[in-house]
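Student: Following is a predicted model, sequence given first.
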Amino acid sequence: MVTEKRRILAEEIARVLETPRLGDDEITTRGYAEFAGCPMRRAYTLLIQAVIDGKMTKRKVLVDRNRCWAFTLVEDNHPGDAV
């Protein structure tokens, strides 16, 4: 019984500590740089400014065994939403 409780606890802790994967509604700096045809530094600056302006959020994710920032639009800033 104690071993089963510890296993369950360990699984829960592993889920919390696991670096999340890139979501379908997120983009990385590299992805935006490729899309926009600009250098990575410029893409990062634009994305960070959007975060500062409250238009986007960012979080750390795992992409190809590397941790990087993933950016996503804030809910009320999606294109096509009614004003």
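Tutor: Yes, it's here.

Student: Stretch 38-48: which residues count as buried?
Tutor: 43, 44, 46, 47 (16 or more other CB atoms under 10 Å). Quick note: C-beta positions are derived from backbone N, CA and C, even for glycine.

Student: and of these, the nearest to residue 56?
Tutor: residue 47 (6.6 Å; CB to CB).

Student: any idea of the mean pLDDT for the host helix or strand of that closest one?
Tutor: Element membership for residue 47 (DSSP states H and E) is helix 40-52. Mean pLDDT, helix 40-52: 98.

Student: Need the pLDDT of the residue most central in space within the chain.
Tutor: Most central in the chain under CA atoms, centre = their mean is residue 70, positioned 2.9 Å from the mean C-alpha point. Looking at residue 70, its pLDDT is 97.

Student: Just to check, it is in contact with residue 24?
Tutor: No. Using CB atoms under 8 Å, residue 70 is not in contact with residue 24, being 10.9 Å away.

Student: Tell me which other helices or strands the top helix by length along the chain touches.
Tutor: Using DSSP state H, we find that the single longest helix of the chain is helix 2-17. Identification of packing neighbours for helix 2-17 by 3 or more CB pairs under 8 Å, 6 or more residues apart in numbering; DSSP states H and E yields no helix or strand.

Student: Please state the offset of that helix from the chain centre?
Tutor: Centroid displacement of helix 2-17 relative to its chain, using CA atoms, centre = their mean, to the nearest Å, is 25 Å.
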